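J.: Predicted model follows, preceded by the sequence.
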Amino acid sequence: QVQLVESAGGLVQAGGSLRLSCAASGRTFSSYHMGWFRQAPGKEREFVAAISRSGGIVYYAASVKGRFTISRDNAKNTVYLQMSSLKPEDTAVYYCAAKFLPGDLLSRHEYDYWGQGTQVTVSS
């Protein structure tokens, strides 16, 4: 079992920045690939970013590439999502997720554990 707890999101103006963190407890954090997803009202949960166990491989959705950065600190059992140049369309509930087996890190269906989600609102 892995428990994931996201940091508080918040309200930020367009063009601003925000960093989310996700703290993991339970089984060895470094055994898991980690991902960030988001869900806007009335929309499906979508992939944002993912990072491999060691942090050596990262993936980004086209909509956030160049603006968001995913990273992890295995010593602190934490994964981060640094969000910059935020846009109103980034408004959503953001979730971190953990995946044990190799596979498609971009698919939400592949992940084993999820955090409770945190609201990020970007005002125009």
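T.: That came in fine, so what should we check first? Since this is a predicted model, take the numbers as computed values, not measurements. Numbers count the residues shown, from 1 in each chain.
J.: ok, now which ones touch the spatially most central residue of the chain?
T.: In the chain, the residue lying closest to the centroid (CA atoms, centre = their mean) is Trp36, at 2.2 Å. Applying CB atoms under 8 Å, 6 or more residues apart in numbering to Trp36 gives the contacts Leu20, Cys22, Val48, Ala49, Ala50, Ile70, Val79, Leu81, Tyr94, Tyr95, Cys96, Ala97. Where C-beta positions appear, they are placed from N, C-alpha and C, glycine not excepted.
J.: How far off centre is stretch 53-62?
T.: Relative to the centre of its chain, stretch 53-62 is centred 11 Å away, using CA atoms, centre = their mean, to the nearest Å.
J.: First-to-last residue distance for it?
T.: 22 Å (CA to CA, to the nearest Å).
J.: Can you list the buried residues in that stretch?
T.: By neighbour count on 16 or more other CB atoms under 10 Å, the buried set for stretch 53-62 is Arg53, Tyr59, Tyr60, Ala61.
J.: Contacts for it, please.
T.: Applying CB under 8 Å, 6+ apart, the set of residues contacting stretch 53-62 is 30-33, 46-52, 68, 70-72, 74, 105-106.
J.: Write the ChimeraX selection for whichever of the residues you listed are buried.
T.: The buried residues among those can be selected in ChimeraX (16+ other CB under 10 Å) with this line:
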select :32,33,47,48,49,50,51,52,68,70,71,72,74,105,106
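J.: quick one on the thing from earlier: if you look at the contacts of Trp36, which of them are in helices?
T.: Among the contacts of Trp36, no member falls in helices (DSSP state H).
J.: all strands of the protein, in order?
T.: 2-6, 10-13, 18-26, 33-39, 46-51, 58-60, 68-73, 78-83, 92-99, 113-114, 118-123 (DSSP state E).
J.: The third one: which residues count as buried?
T.: So that's strand 18-26. The neighbour-count check on strand 18-26 (16+ other CB under 10 Å) flags Leu18, Leu20, Ser21, Cys22, Ala23, Ala24 as buried.
J.: need the contact list for the first one.
T.: In this case it means Leu18. Gly9, Gly10, Val12, Met83, Leu86, Val120.
J.: Most neighbours out of these, which is it?
T.: Met83 (25 neighbours; other CB atoms under 10 Å).
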